[in-house]
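Peer 1: Kindly generate the corresponding structure for this input.
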Amino acid sequence: MTPPRRRHAFCIFGIAATLGGAVLGVGLVRSLPNPRLMPHPLASPQTKTETQELDGLFANLQHQRGDRVPQTLPEPPFSRPGLPVILGRRSWVSARPRTLNLTCASGIVALTYASHHGRDERFCRSLESAVRNDLDLHVLGWGLKWEGLSQKLAAALAAVEDLPADCPVLFTDAYDVLFTESGQAMRRKFEEHFSHPLIFSAECGCWPQVQRDRGVTCRDRYPRSPTPYRYLNSGSWIGRASVAARFLRAIVKGARTTGAAFHKLNDQELSSELYLRREFGPELALDHGAILFQAMHAVKDNTAVPDCDPWPELRETDGIWQNTLTGSRPSVYHYNGGGKRHHIAMESKMWWKQCAEANEPAAHDAVRKTTMRFGDRERSFDEICPGHLDQYRNRQGERVCGDDLISKVAQRHSQHVSV
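Peer 2: Next up is the predicted model:
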């Protein structure tokens, strides 16, 4: 059987560190990079009585642990340095065939969920950002009828159950996200900055709990946070496959005990309720420092939860966005809720939209030919998003970036830089 065609949108760099097992610990983030972080209004510590009395979807959930034996992962393949082919440059392609994103040979398994064939212009923007940054997405649910948000939980569970226990898995929403780094760069951040094997995105808004008890849960029961990003957002997460599988199994089991139709339940509520139950203890934490994930929804009513708006804290330099509050350069931007109004404006300043080199014919041709896995088939970017590159090209905003910026972008993907 002929191996699938190898993606070549971005040359791969460096040698990622060999993993020795799931990283367990008690610290959320080993360090927050910006000393100017100010304390945020925090909840009082949750007592044992409060934990026992916490209402929600998982009152009768019995969490099962230790159902997998950790496996040692192979070291990711060696890659030679070079400049990105997506900028019209020639790059080296590994002789090792790609394995359809179903193993960790490339460093990480990246998943998203898009049914009804993803007929959405913003979905193509998300795909382009993945291609430009050498993130090999596996799109789950392709062609299925959309029945509800919980579908993506069940699909994610099915996808991670057969992976090696120690494999890092990234899962994001599909239609309102932009990626800014490669899978290898995200893996390094995950391993270097977090001591928990499962990390969810954190956001300003406490949804949907804020609607049901006038903010009591949000103010008094949510764990403490060193930043305004205090509340769980289920739109982006990363974790070891075995821990992620147990978390997703617990959600599915808890949802089915409610008696409601599983596909009609809300994935944000399911995930946050399990987090509040603290069933996973030191295995689960939130990305309060926006090191990997930046949720863009703002809260501006100052009632149940404090006002919070990520937008004023973001700055763009040379096509790369930075959170000036936390000092981080997030890998995934999620334009959830009201944050969608910033989606197109932020994308227009990303390096692949600004750099004329990234929009030369050879660069566009490389993007069009890049393949990803949709459901059980390999499909090219051009097959999914025909005409997208020309239709949404910002010619007036383009400039010649030169080798300095191109090399900076390449370095961002090839080795760890300050977050």
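Peer 1: so where do the helices sit in the stretch 101-250 of the chain?
Peer 2: Per DSSP state H, counting those that start in this stretch, the stretch 101-250 of the chain carries helices over the ranges 121-132, 151-160, 183-193, 216, 241-256.
Peer 1: Mind checking those for the one nearest to residue 373?
Peer 2: If you check each of the helices of the stretch 101-250 of the chain against residue 373 by C-beta to C-beta, helix 151-160 wins as the nearest, at 10.6 Å. Just so you know, the C-beta spots here come from the backbone N, C-alpha and C atoms, and that holds for glycine as well.
Peer 1: tell me the angle of the closest one relative to helix 241-256?
Peer 2: 140 degrees (axes from the mean of the first three to the mean of the last three C-alpha atoms, to 10 degrees).
Peer 1: circling back: make TSV from the helices of the stretch 101-250 of the chain and add mean pLDDT and mean neighbour count to it.
Peer 2: Listed next are these as TSV, based on pLDDT from 0 to 100; neighbours: other C-beta atoms under 10 Å:
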stretch	mean pLDDT	mean neighbour count
helix 121-132	94	23
helix 151-160	88	20
helix 183-193	94	22
helix 216	86	12
helix 241-256	87	22
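Peer 1: Please identify which of these is closest to residue 210.
Peer 2: helix 216 (9.5 Å).
Peer 1: For stretch 114-125, give me every contacting residue.
Peer 2: Stretch 114-125 is contacted from outside by 139-146, 151, 174-176, 178, 343-344, 347, 384-385, 388, 392, using C-beta atoms under 8 Å, 6 or more residues apart in numbering.
Peer 1: again, 7 Å this time
Peer 2: Stretch 114-125 is contacted from outside by 139, 141-146, 174-176, 178, 343, 347, 384-385, 388, using C-beta atoms under 7 Å, 6 or more residues apart in numbering.
Peer 1: Quick check on the residues you listed: which are buried?
Peer 2: Among those, those classed as buried by 16 or more other C-beta atoms under 10 Å are 139, 141, 142, 174, 175, 176, 178, 343, 347, 384, 385, 388.
Peer 1: With respect to residue 325, which of these is nearest?
Peer 2: Looking across the buried ones among the contacts of stretch 114-125 and measuring by C-beta to C-beta, the closest to residue 325 is residue 178, at 19.3 Å.
Peer 1: Is the closest one bridged to anything, and to what?
Peer 2: Taking DSSP bridges as the rule, residue 178 bridges to residue 333.
Peer 1: Could you list the low-pLDDT ranges of the stretch 301-419 of the chain?
Peer 2: 302-303, 404, 406-408, 410-419 (pLDDT under 70).
Peer 1: could you pull out the strands for it?
Peer 2: Counting by DSSP state E, counting those that start in this stretch, the stretch 301-419 of the chain has strands at residues 314-317, 320-323, 332-334, 371-374, 377-380.
Peer 1: Mind giving me the packing neighbours of the fourth one?
Peer 2: So that's strand 371-374. Here strand 371-374 touches strand 137-140, strand 377-380, going by 3 or more C-beta pairs under 7 Å, 6 or more residues apart in numbering; DSSP states H and E.
Peer 1: and if we set it to 6 Å?
Peer 2: strand 137-140 (3 or more C-beta pairs under 6 Å, 6 or more residues apart in numbering; DSSP states H and E).
Peer 1: what does the strand it packs on rub up against?
Peer 2: If you take C-beta atoms under 6 Å, 6 or more residues apart in numbering as the criterion, strand 137-140 is touched by 101, 110, 111, 112, 113, 114, 130, 155, 159, 372, 373, 374.
Peer 1: Recalculate using a threshold of 10 Å.
Peer 2: Strand 137-140 is contacted by residues 100-102, 109-115, 117-118, 123, 126-127, 129-131, 151-152, 154-156, 158-159, 170-172, 174, 179, 183, 372-375, 379, 384 when judged by C-beta atoms under 10 Å, 6 or more residues apart in numbering.
Peer 1: if we can go back for a sec, let's have the buried ones among the contacts of stretch 114-125 in CSV, adding distance to residue 312.
Peer 2: As requested, the buried ones among the contacts of stretch 114-125 are exported to CSV (distance: C-beta to C-beta, whole Å):
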residue, distance to residue 312
139, 33
141, 35
142, 37
174, 27
175, 25
176, 20
178, 19
343, 17
347, 19
384, 35
385, 32
388, 31
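Peer 1: ok, what's across the strand from residue 139?
Peer 2: residue 112, residue 374.
Peer 1: Go through the chain and flag its longest strand.
Peer 2: Counting by DSSP state E, the longest strand found in the chain is strand 231-240.
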